[in-house]
Each structure stands twice: as structure tokens, then as C-alpha cells.
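> Quick one, structure for this:
(chains A and B, ligands or ions: 1)
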Amino acid sequence: MQRHLISAADLTRDDAVLILDTAEEMARVADRPIKKLPTLRGRTVVNLFFEDSTRTRISFEAAEKRLSADVINFTAKGSSVSKGESLKDTAQTLEAMGVDAVVIRHSASGAPYRLATSGWIDAAVVNAGDGTHQHPTQALLDAFTMRRRLVGRDAGLGKDLDGRRITLVGDILHSRVARSNVDLLHTLGAEVTLVAPPTLLPVGVETWPCEVSYDLDSTLSKSDAVMLLRVQRERMNAAFFPTEREYSRRYGLDGDRMAKMPGHAIVMHPGPMVRGMEITAEVADSDRCTVVEQVTNGVSIRMAVLYLLLGGNEPAVAHARPTEEK
Amino acid sequence: MSKTLIRGAKVLGGEPQDVLIDGGTVAEVGTGLSAEGAQVVEAGGKVLLPGLVDLHTHLREPGREDSETVLTGTRAAASGGYTNVFAMANTFPVADTAGVVEQVWRLGKESGYCDVQPIGAVTVGLEGSKLAELGAMHESAAGVTVFSDDGKCVHDAVIMRRALEYVKAFDGVVAQHAQEPRLTEGAQMNEGVVSAELGLGGWPAVAEESVIARDVLLAEHVGSRVHICHLSTAGSVEIVRWAKSRGIDVTAEVTPHHLLLTDELVRSYNPVYKVNPPLRTERDVTALREALADGTIDIVATDHAPHPHEDKDCEWAAAAMGMVGLETALSVVQETMVDTGLLDWAGVADRMSFKPAQIGRATGHGRPVSAGEPANLTLVDTAYRGQVDPAGFASRSRNTPYEGRELPGRVTHTWLRGKATLVDGKLT
Ligand SMILES: [Zn+2]
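Now for the predicted structure:
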């Protein structure tokens, strides 16, 4: 493992499988009455959020606390990109406080990379989403969810997603989740198809390790998982597509479309869902939809990442494991 | 009158000759000239060029003296071998009145390192909606001949047409920063494979090309001359080539950095590479070099854009756009054009002195190195190779993309009307 987690593209297959396996161990902790490990006792982790995201911040915070880390939340609302000095200044303040890891969320693509490489700070850097660039822990929790559902919880240990067919639908252009998922799923051996109107696909997407289609219906029957991405309503005003109705007709997932998917196939969404446009209530509430599991799995994945970046080389929960095993 | 004898200099890269400067003028060019009463500079095979002329410099004064002043900028220019620079109008206040251009012009005169010709804004406040007093700026002491809203594009077709027509009255030229604003909203770097991967907003080539295509057609329609700033794409080259073949009075410039660097460097997220127009692809770089060699692109202009350290030492999105260029321009041109065999030193003199002076109507600059001409000269040690060290820059700002990079060539001497401004690499 590298010292930082900036991009899903930085992970080798073995790194990624190690994180998924470690997360599987972490998940057992969540099943215990006292959901806490002493692993990061005495270590300080800062959640440095320059962009609002309560969901992601709470997920990281829960992970950090379950590992007994000292947690500092730093929210720099509004001060982010206006002058640019805030990131460096904040980093140096944190450095002076002897912080061990920084979980950073920033609206500027590359901000975590700059933080990790500019010499401003010595701590491990975990990217919790930067601009339209990357969101590696989201991709990891998605892969974890897929492996549990498509390969199996215990049967999945040590395995990747070789040959699984994953379809990502929606605003690929502006989505760090899509970028991270394409990189990671490819590394894990899955076959990825991106589906979107041409206006919501990035220039150069043809060089990405995936297929591209404008037609959702033709991909459904060969998908093991369909992941819907958030489409912001502002995109409509910027002429990325004509109307919400037209978008939903061509790229929304409803019951009829879900029926075309294989019986074992799952529906995923990084949340929060826009019901009606991207996904109908019928699909969102069906047991094939993994949105709630994704949230739960997010904590396990983030525990695994922080443990592996900061912790020792021993298995994370080795001392706790015998009592857990059946 | 003071005399200087430059002994054994390859004038425009030719056979070694002696050049005698007497007062502000080149008195004699030949072999075995007498050194009597003259201070002797042993050129030892260095290349002697006419003083370089930069049609596109940001001196930042008035308003951003923390980045650069006319004095520090002209010192940087002299270090880089320049004897004349055109100062862009996007200052604070904007150089859109006779008062501001005269202020800049006077500061240039007082600096003594390099002549400064102010560029006037095309529109009031660079806002693109109302023509500035172009005639008043031309008639001012500054004698403005070049007009530009650089930093912004004159995107309204009617305003652009009117500006092109209006400046015909006094042989002016409009220098366009070609950037379709709607196509570049939120743009952070070249739109392409790398921007998609890095998640940075894309600046598509077509945003530049579509404006150039429109403007050459407007220039043709109204029979005026137009100059295109900092060409950055292969497509732009094609349009300018087509326009010239059609007889349209268009000239174009390329910056040193667009001749050398590509958008692959942005993978570092290091804001020293953030510039407008953005660094493009290898294919564009190749096309730009070829176009400069074959004359489709007329000149090299630095787009010297100084910024203080704190405006670059931050995350990419927050960083200012631009890089300094006066002190490295000749080295980059040697690396990309001369050492590659695309251009000889006479060609460099043409692209970096004669032509820019012609386009800007800078009388007294961009003249041949021969008897009776103003002694605006620069001496280049072309055999030199060394790493770029911004700590030694005369510019107030250090935002160079070449820090630590080995580049060939070094300007050792510069003379402005016979007076040395740079001696053995040191400013006087
Ligand atoms: Zn410009």
C-alpha cells in the first residue's frame, strides 16, 4: 500500500483485494455489541471538509471512532477556492498539531494530490472526494458491496470481480464516482459499461478501460449490477439534456427496465437518490437496490483504509477474530 | 561619445565579425575593426542578434506591483535580451485611456532598461461592450499602435468588427485573445484525455479556433489587419495558414511554452503549468513548431505573466493562470527551434525582433545589424547549457515552469541604443 489514498487508479489488484478483505474483517466489528477496536488509539485523524458532505464525513467519523482514533472535524465552508491560501494554511496548522492522517474533501480536483505532494504536510492523506476527479473510498465500498452480493460474503475473501459486468448510468462527465469506479473495477477484472447521453460523457472517454453506450435498454440484460449516478437538475439548464422528462425516459431506471436485468443483478446508487428522475420509488425500495448496504459498507471500507494506511502490518482484528468465527 | 567594439560575434549566426557601436548607433560592421578608444567585448563566437522585441508582456503596473513593476519587468526583459516590450492593457486600472497608457509609457522611459510600448484596451474596462478611446490612446505621448483586451476575448462580433475598422485610421492593429467564453466556462486545462482523467474543466481547442476563424473573416470583410495572440492548437495553425493563402492581413504569435510543454505535465497538478490558453498536446506542439518555421506563425511572444508565489502555491483550481517568460524565451526557442534544425539564428532574429517590431510598428527596433542603425543588440552564448534557477530572475515573480530544467543558451549582453543594460549576464 502507498502512504496516501488519492486515486483508485493508484491501487493494484492486490492492494484493492487486501482492502476489501480487511473491510470484511472490520464489518464483523460492527456486528458486535461494542463496536470499537483499539487499533488507532493515540493517533489523530482530521476530517478536513472544504465542501459539504454530511454523509461522507459521518461515515469517516464513524470509522475513525470505531478504530479509537482521536477525531478532529474541520469544516471550511465557503473559504475553499476563493483565494487558495486556505488549503496550505490549514495544512500547516494541522501539521503543527501533529496530525497523523487527513481525510480531505475539496471542490477542487487535485487538492488532495497537492496536499500529499507539496511538502506542506507529513500526514497520510485520504481523498474523500475532490472536484470531478476521484472518490476512491466510494469506489471501494461499491466494489465491496458488489463482491458481497455477486460473489458472496465469505466466499468472496481473496477474490476480485473477474468477469462481472457492471453498468454505470448517468452524469459520467461530472462524476468522481464514475472515474473512481472505472479505474477500480477494471483493476478488479470487471467489465464496465458507461451509459449516458453523449453530452454527459467526457472527451477522451474512448481511451478509458470500458465500453460506452448511449442506450440503456441494450445493456440491461447483460449487467450484473447497474449503478445509477446522480444527475443534478442544473445540468438541464446548461443544456446537457433537454428536459427532466426526456432524461428519465431514456436513462431512468423503472420497474420495467429492472425486469430486463438478470435475476441476480443488483441496482446501486451512491446516494442521495433523486427519485423520479434517475430511479423510480419501486426500484429504489426493492430488495435488489443496495443503497442502504452501501452506506453500511462505507464505514467498514473506511476503517480498512485508515487501518492499512496508519496501522501496523498485523491483521486488523486478529485478536478479536477467534470469538467471531463460527 | 562612448564606443564599444564587439569582437568576433556571429552576426545573426553568420561568420564572426566585429561590430562597432558609437553612441547610440551601430557605426561599423566588418572584420579587423580598430578598437581604438572603444571598450572591447570579446564575443568569442557568440551569436549577435538585434535586440529582441516582445509584442505580448504583462508588466502588471499599475495595480499589481506585488507581481511586477515596469522597472522589474524591463530588467527581466533586458536579462532576456529584449530591448522593446509591448505592455498588455489588463492592469488596474485598465489601460483604456490616454492617461493610463502615458503613465506606463513614462515609467518605461524612466526605467532605462528596455523601451516600453503600452498596448491599449479595445473596450472600456476590458468589458467587451463599449470601444475605448482608441484614437486618444494613439495620439497620446505613448503613441499606441496595438490594441488588445488580452486576458479576455473580444467576443462580440460587432465590437470586434468596429475595432478592426476603427484602427485603420491610424494603422493600428487589434491583437485578439481568441477564447470563446461560453465554450470555456469553468475551463482549467486543455480539454482532452488528460482533463477527463484529472477531472479538470476542459478548454477545448475549438474555443480558440472558432474565434480565429471568425476574426480572419471579419478582417477580410473590413480590409483591416488582425493579430492573433498565443496560438495554441494545430487547428488554429490551419486556419491562419488558410487565411494567409487567401490574402487576409493576419499575423500570429506563439509563446515559448506552447512550443515546448504539453498537457501531460498537468498530471502533477502543479499550478506552474496553469496558463491560458492551456498547454495542449504533442500534436499541437509539433504543428506550432512547424508553423513558426514556415512563417505561418509570424512571431514568438512571451505572454510573460508574473504572479506572486502565494497565487501559485495552492490547489490547481485556485491558482492564477500564467507563467513568466522574458528570461527564458530565447533558451526555449533555441531548444525547440534552433537545436532541432527548424530555424537558424537569422530566423530567430526574424521571429523575435524584426517581425514583432513590424507588427507593432515599433520604429527603432527590429532593425538590421548594420551601420547607421540603432544599437539595440543582444549577445547570446549559444553553447551554454544549464539548469534554470528562478532565484536568479530579475522579474519580481518566479512562476516559471522550467525550474531545474536544463535549457541551452544564455543571453550575456544587451545594449539599448548603445548603452549596455546587461553585461556578462548581470544587469547594469
Ligand atoms: Zn492572452
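> If you tally nearby residues, what's the number for residue 233?
Defaulting to chain A. The tally of other residues near A:Arg233 (other Cβ atoms under 10 Å in any protein chain shown) stands at 10. (Each C-beta comes from the backbone N, C-alpha and C, glycine too.)
> try chain B instead
Residues lying near B:Thr233 (other Cβ under 10 Å) number 25.
> my guess is it meets B:Ser210, correct?
No - taking Cβ atoms under 8 Å as the definition, B:Thr233 is not a contact partner of B:Ser210, at 11.0 Å.
> first to last residue in stretch B:264-275, what's the distance?
End-to-end distance for stretch B:264-275: 14 Å, by Cα to Cα, to the nearest Å.
> can you give me the helices for the stretch 151-300 of chain A?
A:176-187, A:217-220, A:234-237, A:244-251, A:255-259, A:281-284, A:291-310 (DSSP state H, counting those that start in this stretch).
> and what of the stretch 201-350 of chain B?
Assigned by DSSP H, counting those that start in this stretch, the helices in the stretch 201-350 of chain B fall at B:205-222, B:234-245, B:256-260, B:282-294, B:329-333, B:345-349.
> in the stretch 1-150 of chain B, which spans are helices?
Using DSSP H, counting those that start in this stretch, helices in the stretch 1-150 of chain B cover B:70-79, B:98-111, B:134-139.
> most neighbours per residue, which of those helices?
Greatest average neighbour count among the helices of the stretch 1-150 of chain B goes to helix B:70-79 (a mean of 28), per mean count of other Cβ atoms under 10 Å in any protein chain shown.
> Report all helices and strands that that one contacts.
If you count contacts as 3 or more Cβ pairs under 8 Å, 6 or more residues apart in numbering or on different chains; DSSP states H and E, helix B:70-79 packs onto strand B:52-57, strand B:82-87, helix B:98-111, strand B:406-416, strand B:419-423, strand B:426-427.
> Can you name the residues in contact with it?
Helix B:70-79 is contacted by residues B:54, B:57-61, B:68, B:83, B:85, B:87, B:104, B:107-108, B:110-114, B:116, B:304, B:306, B:324, B:326-327, B:393-396, B:411, B:414, B:416, B:421-422, B:425, B:427 when judged by Cβ atoms under 8 Å, 6 or more residues apart in numbering or on different chains.
> Report the mean per-residue pLDDT for stretch B:136-149.
For stretch B:136-149, the mean per-residue pLDDT is 97.
> Distance from it to the middle of the chain?
Chain-centre distance of stretch B:136-149: 18 Å, with Cα atoms, centre = their mean, to the nearest Å.
> Would you work out how far apart the start and end of that stretch are?
First-to-last residue span, stretch B:136-149, Cα to Cα: 17 Å.
> Need the pLDDT of the closest residue to B:Val154 other than its chain neighbours.
Leaving aside its sequence neighbours, B:Val154 sits nearest to B:Met160 (Cβ to Cβ, 6 or more residues apart in numbering or on different chains; 4.7 Å). Turning to B:Met160, the model gives it a pLDDT of 98.
> and the gap between B:Met160 and B:Tyr269?
In this view, B:Met160 and B:Tyr269 are 35 Å apart by Cβ to Cβ, to the nearest Å.
> before we move on, what about B:Lys109?
B:Lys109 is 42 Å from B:Tyr269, where distance means Cβ to Cβ.
> For B:Pro16, name its beta-bridge partners.
B:Lys10 (DSSP bridges).
> My read is that it contacts B:Lys10, right?
Yes - assessed by Cβ under 8 Å, B:Pro16 is found in contact with B:Lys10 at 5.6 Å.
> Which one's more surrounded, the two?
When neighbours are counted by other Cβ under 10 Å, B:Lys10 comes out ahead of the other of B:Pro16 and B:Lys10, with 20 against 15.
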